[in-house]
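> fold the following for me, if possible:
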Amino acid sequence: MSIPPPAPRLKEKAITFEALLLVVLVMRVAAHFALPQPLSGEELTSFTAARELASGHWPSWGLGAQALHALGYPLLLAPVMAVAGATPDVAFSVNLVLAMISAILVWQVARQMGLRDTGQKLSILGYALWLPGIWNCTLVTRENLGSTLLLLSAWLALRLLREGPRMMLALAAGATWAAGLLTEPSLLPVISAPVLALVLAGYGWRLPASALALAAGAALMLGPWSLISGAMVEIPGTVLATLAAATDAASTPAADHAAFGLLPWDVAIGRLALFWMPHMPDGGAHAVARAITFVRIGEVTQYVLIFTLGLAGLVAAHTMKRQRAVLGVLIAAFWVVNGSLAMDSSYRDPLMPLLIVLAAAVLSELVYSRPAKPRAKLTPLTPR
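Next up is the predicted model:
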């Protein structure tokens with residue numbers, strides 16, 4: 001009696017998407033307890049505004065365009081604080097939810113880019129281990145919401161590119177961009193992604209209809225603030241001024257530029273280059289703790305790797321042509337607008353998840369392009 005061959009065992013996935021999302025959660029919770037941060041500067045301003053909104057009062061820094069563009073994050077915190085209490089731990093819980101949403105959006109952006117399972121998982125893993133993202137989650141800072149909104153804009157733009165002009169997607173894209181404008185002015189160039197997606201995918205009457213839906217979504221989000229304050233008409237003219245005011249207060253004045261023979265164009269080019277410079281550790285970090293210095297060195301190593309592979313994924317990849325065009329225009333517009341006006345490296349933080357996806361695309365192509373190991377040839381048994 002012949003024994004039947006054993007049934008082939010299904011190869012189980014070593015790491016699931018759920019496990020990677022758990023890594024995102026654990027890393028940020030661990031950082032929250034290991035790196036307690038006192039409220040100061042912008043974090044204190046955002047926390048105070050959210051606490052005042054939660055108690056039913058308008059923030060003390062008043063109305064006007066320069067105030068309205070920073071209301072998005074406090075407005076998100078306020079309802080939660082009204083229910084659970086105005087404490088930094090409550091703010092961290094909101095940040096944690098935003099981080100999990102961002103991780104899912106990183107996953108979805110990778111899928112829309114056409115990455116296979118390995119690329120999608122590398123994208124989530126890269127986001128989970130990205131040190132500035134972990135650090136920001138422990139702070140009451142608007143970059144937490146800004147990163148999520150930028151990823152949402154990119155995802156909606158890629159869906160518009162794949163599915164063609166759709167009214168509801170365009171409406172959501174416009175509302176997302178407007179919410180980003182109310183959160184932080186650096187997200188102003190994000191509108192370039194859905195606009196390009198509509199141009200590349202549009203045809204017939206659906207293109208102008210979707211463009212109107214994009215504008216309508218932005219108007220529906222910004223309209224209430226115009227009714228409340230009457231200051232919305234000031235925003236288009238003051239967003240860039242606010243960005244300029246966010247530059248280093250100690251930057252060299254125009255007279256000193258002339259003394260060194262520098263023209264405004266030279267200064268702009270220098271700032272564009274500095275936008276992508278690694279945030280090197282300094283003596284101040286080492287004075288606080290040696291561990292902080294090592295963490296900063298790890299951050300620089302991460303950044304150089306992600307930037308190099310992300311640039312390669314944007315320029316050298318021979319797949320995902322139209323998707324890369326949409327992400328490339330978003331990144332370039334963000335860089336030109338913010339890089340020419342601001343020298344703070346934190347302004348590039350919202351872009352890093354997109355570079356992580358592009359870097360994962362390169363790594364996954366390397367994995368899938370490895371030549372398969374040749375199987376040993378079996379010599380059939382022949383009777384003697």
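
> quick check: mean pLDDT of stretch 121-137?
Regarding stretch 121-137, the rounded mean pLDDT is 94.

> and that stretch, which residues are buried?
121-128, 130-137 (16 or more other CB atoms under 10 Å). Yep, even glycine has a C-beta here, placed from its N, CA and C like the rest.

> what about that stretch, start to end distance?
With CA to CA, to the nearest Å as the measure, stretch 121-137 spans 21 Å from end to end.

> in which helix or strand does residue 108 reside?
When elements are assigned from DSSP states H and E, residue 108 belongs to helix 88-112.

> for the protein, which helix or strand comes out least confident on mean pLDDT?
helix 254-259 (a mean of 41; mean pLDDT, DSSP states H and E).

> before we move on, the earlier item: what's the helix holding residue 108 packed up against?
The helices and strands touching helix 88-112, judged by 3 or more CB pairs under 8 Å, 6 or more residues apart in numbering; DSSP states H and E, are helix 17-34, helix 41-54, helix 72-84, helix 117-129, helix 131-137, helix 143-163, helix 352-368.

> and stretch 154-172, what's buried?
By neighbour count with 16+ other CB under 10 Å, stretch 154-172 contains the buried residues 154-161, 164-166, 169-172.

> quick check, nearest of these to residue 112?
Checking those against residue 112 by CB to CB gives residue 158 as the nearest, at 3.8 Å.

> any buried residues in the helix holding residue 108, and which?
88, 90-92, 94-96, 98-100, 102-112.

> state the mean pLDDT of it.
Confidence for helix 88-112, expressed as mean pLDDT, is 95.

> same thing with stretch 30-43?
Model confidence over stretch 30-43 averages 82 on the pLDDT scale.

> isn't residue 39 up against residue 50?
No. In this structure residue 39 lies outside contact range of residue 50 using CB atoms under 8 Å: 11.3 Å.

> what residues are shared contacts of the two?
Shared contacts of residue 39 and residue 50 (CB atoms under 8 Å, 6 or more residues apart in numbering): residue 140.

> who's more crowded, those two?
residue 50 (27 against 15; other CB atoms under 10 Å).

> and the more buried one, what does it touch?
73-75, 77-78, 81, 86, 91, 140.

> closest one to residue 364 out of the buried residues of stretch 154-172, please.
Closest to residue 364, out of all of the buried residues of stretch 154-172 and judged by CB to CB, is residue 158, at 17.2 Å.

> the closest one and residue 314, how far apart?
Separation of residue 158 from residue 314 (CB to CB, to the nearest Å) stands at 14 Å.

> same question, residue 54
42 Å.

> could you list the low-pLDDT ranges of the protein?
The model of the chain has pLDDT under 70 over residues 1-14, 60-69, 225-268, 281-291, 317-319, 342-346, 369-384.

> let's see that with 80 instead.
Across the chain, the ranges flagged by pLDDT under 80 are 1-14, 35-41, 57-70, 202-205, 223-271, 279-296, 316-320, 340-347, 367-384.

> picking that back up, only whichever of the contacts of residue 50 are buried, select them in PyMOL.
A single PyMOL command selects the buried members of the contacts of residue 50 (16+ other CB under 10 Å):
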select buried, resi 73+74+75+77+78+81+86+91+140
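
> mind checking the SS state of residue 270?
Under DSSP: H, G, I helix; E, B strand; the rest coil, residue 270 falls in the helix class.

> who touches stretch 305-325?
Applying CB under 8 Å, 6+ apart, the contact partners of stretch 305-325 are 112-114, 126, 130, 158, 161, 196, 200, 276, 327-328, 331, 352, 354-363, 365.

> buried subset of those residues?
The buried subset of the contacts of stretch 305-325 - by 16+ other CB under 10 Å - is 112-113, 126, 130, 158, 161, 196, 327-328, 331, 352, 354-363, 365.

> could the helices and strands packed on helix 88-112 be laid out in CSV, adding distance to residue 308?
Converted to CSV, those look like this (distance: least, CB to CB, whole Å):
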stretch, distance to residue 308
helix 17-34, 23
helix 41-54, 30
helix 72-84, 32
helix 117-129, 13
helix 131-137, 17
helix 143-163, 21
helix 352-368, 8
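
> indicate which one of those is closest to residue 181.
So among those, helix 72-84 is nearest, using CB to CB, at 8.2 Å.

> show me where the stretch 201-350 of the chain has its helices.
Under the criterion DSSP state H, counting those that start in this stretch, the stretch 201-350 of the chain contains helices at 206-229, 235-245, 254-259, 264-274, 283-288, 290-315, 321-339.
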